[in-house]
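Colleague: predicted coordinates and the sequence they were generated for:
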Amino acid sequence: MTKQLLLADLETAATMESIEQIRIKYLGRKGLITNLAKETDFSKFSQEEKKSFGQKLNELKIFATEQIEKAFERVKDLESGAVKMVRLVDLTVPGSVRSLGSMHPITMVQLELEQIFEGMGFAVLDSPEIETEFNNFEAINIPKDHPARDMQDTFWLKNDLVLRTHTSANQVRTLLRFGVPVRAIFPGRCFRYESIDPSHENTFYQSEGLMVDENVSVANLIGVMKTLLSEIFRRDVKVRLRPGFFPFVEPGFELDLNCMFCGGVGCSTCGDGWIELIPCGLVHPSVLEFGGIDPKRYSGFAFGLGLTRLAMMRFGIRDIRHFNSGDVRFYEQFAPIL
Ligand code: FA5
């Protein structure tokens, strides 16, 4: 009984002080265990009983001493740990605020674009930045020595590989992989060896769009472009469609956006008041053939949206060079990732 009482007392004791009180309660001069001997009338005990009582009392004292010792050790460890913690950590110092970082403005526009196109039933595809010369040029109707190769100054690699100059390089791969009908966009980074100015970078983003099915016409192309622009800019924007030459479309167009910085009068960002944004057109029959599609039965449209330039217009960034600058002050201006 005494043993159980002692253990219950020790279990709730959390300080050296309280354990000392327990020691006094049981083993002190007037303690419960000490008193057991004093309060017992030995006169009625036989010699044998006296011996056995003495032994049990002794065992009880040893048990109590050991348990109290253990409790002292346990609390000593805790207290010294806590004291160490207080010495190491100054709990009065205000917490440091961790910067959350922000999403790159091109990524933000790309995600918006993907959402818009997914809403129109387009798949979003990944595509390689290192391409074969064949996919980047030949497969989309730009044979060797064709003057159109001059339009895109190219970073050539070894083994007929190039850093892709445009996302159109993934057109034929997509046709071969998915067949028809197909509706997909493939955003990604492109590279051109050209001199840099406020609207030209050597490393920039485009997003290709491709839709091939029966009876796809310029009307479908214009409908999709209108949906895209009104959703991205959340208001009416002024655009112009003019003929444009690209060997992989027929007919081909340039869709230009009225410059949002100068309202169309001309400035250092746009030059003549218009930003060349989305070249597009109907997929050339020979590209369909390279993709294994019968051009007599199927038609389609393709566009190559300048994603970096779209981000400039969307966020009012006047100089393209900020994007690759690595200057944290620029990136910090965009919404944090939550
Ligand atoms: C092309 O790259 C064609 N592949 C686009 C195309 C696709 C046409 C499908 C028809 C059908 P272009 O060279 O014009 O076209 O580039 C497309 C867009 O990429 C441009 O309108 C522009 O917004 C962007 N762009 C081109 N060069 C740069 C550059 N150096 N820096 C930033 N953006 C650029």
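Modeller: Done, it's in.
Colleague: which one's the longest helix in this protein?
Modeller: Longest helix in the chain, counting residues (DSSP state H): helix 47-88.
Colleague: following element in sequence after that one, please.
Modeller: Moving toward the C-terminus from helix 47-88, the first helix or strand encountered (DSSP states H and E) is helix 105-119.
Colleague: go through that next one and flag the buried ones.
Modeller: Buried residues in helix 105-119, counted by 16 or more other C-beta atoms under 10 Å: Pro105, Ile106, Thr107, Met108, Val109, Gln110, Glu112, Leu113, Glu114, Ile116, Phe117. To be clear about C-beta, it is placed using only N, CA and C from the backbone, and glycine gets the same treatment.
Colleague: and if you look at stretch 6-25?
Modeller: In stretch 6-25, counting by 16+ other C-beta under 10 Å, buried: Leu6, Asp9, Leu10, Ala13, Ile19, Ile22, Arg23.
Colleague: what's the closest of the residues you listed to the ligand?
Modeller: Nearest to the ligand, judged by C-beta to the nearest ligand atom, of the buried residues of stretch 6-25 is Ala13 at 73.8 Å.
Colleague: pretty sure Phe45 contacts Lys51?
Modeller: No: using C-beta atoms under 8 Å as the test, Phe45 is too far from Lys51 to be in contact (9.1 Å).
Colleague: interface residues of this structure facing the ligand?
Modeller: Contact residues, the chain versus the ligand (C-beta under 6 Å from any ligand atom): 166, 168, 192, 194, 200-201, 204, 206, 246, 249, 252, 276-277, 279-281, 302-304, 306, 308-309, 320.
Colleague: which of the residues you listed count as buried?
Modeller: Buried members of the residues of the chain next to the ligand, counted by 16+ other C-beta under 10 Å: 166, 168, 192, 201, 204, 206, 246, 249, 252, 276-277, 279-281, 302-304, 306, 308-309, 320.
Colleague: now the end-to-end length of stretch 140-149.
Modeller: 11 Å (C-alpha to C-alpha, to the nearest Å).
Colleague: repeat that for stretch 8-28.
Modeller: End-to-end distance for stretch 8-28, by C-alpha to C-alpha: 18 Å.
Colleague: look up how far Val109 lies from the residue in the chain that the ligand sits nearest to.
Modeller: Nearest residue of the chain to the ligand, counting by C-beta to the nearest ligand atom: Gly306, 1.8 Å away. Distance, Gly306 to Val109, using C-beta to C-beta, to the nearest Å: 11 Å.
Colleague: next, show the common contact partners of those two.
Modeller: Overlap of the contact sets of Gly306 and Val109 (by C-beta atoms under 8 Å, 6 or more residues apart in numbering) is empty.
Colleague: what's the closest non-adjacent residue to Pro143?
Modeller: Phe137 (7.4 Å; C-beta to C-beta, 6 or more residues apart in numbering).
Colleague: what count of nearby residues applies to that neighbour?
Modeller: Residues lying near Phe137 (other C-beta atoms under 10 Å) number 25.
Colleague: which parts of the chain are helices?
Modeller: For the chain, helices defined by DSSP H occupy the ranges 2-12, 16-27, 32-39, 47-88, 105-119, 133-136, 171-178, 218-233, 285-290, 307-315, 328-331.
Colleague: most tightly packed of the ones you listed?
Modeller: By mean neighbour count, with neighbours taken as mean count of other C-beta atoms under 10 Å, helix 307-315 ranks first of the helices of the chain at a mean of 23.
Colleague: now do that helix, average pLDDT.
Modeller: Average pLDDT, helix 307-315: 91.
Colleague: which residues touch it?
Modeller: In contact with helix 307-315 (C-beta under 8 Å, 6+ apart) are residues 105-106, 108-110, 113, 187, 199, 201, 204-207, 232-233, 257, 260, 269, 275-277, 317-318, 320, 323, 334.
Colleague: next, give phi and psi for the residue lying closest to Ile24 once chain neighbours are set aside.
Modeller: Setting aside the residues directly before and after it, Ile24 is nearest to Gly31 in space (C-beta to C-beta, 6+ apart), at 6.4 Å. Dihedral angles of Gly31 (phi, psi; degrees, to the nearest 10) stand at phi -70, psi 160.
Colleague: wait, Gly31 sits on Lys25?
Modeller: Yes: using C-beta under 8 Å, Gly31 makes contact with Lys25 at a distance of 6.0 Å.
Colleague: dump the residue contacts of the closest residue to Asp256 other than its chain neighbours.
Modeller: Nearest-residue entry for Asp256: Trp274, 4.0 Å, with adjacent residues in sequence omitted and distances by C-beta to C-beta, 6+ apart. Trp274 sits next to Arg240, Asp256, Leu257, Asn258, Cys259, Gly264 when contact means C-beta under 8 Å, 6+ apart.
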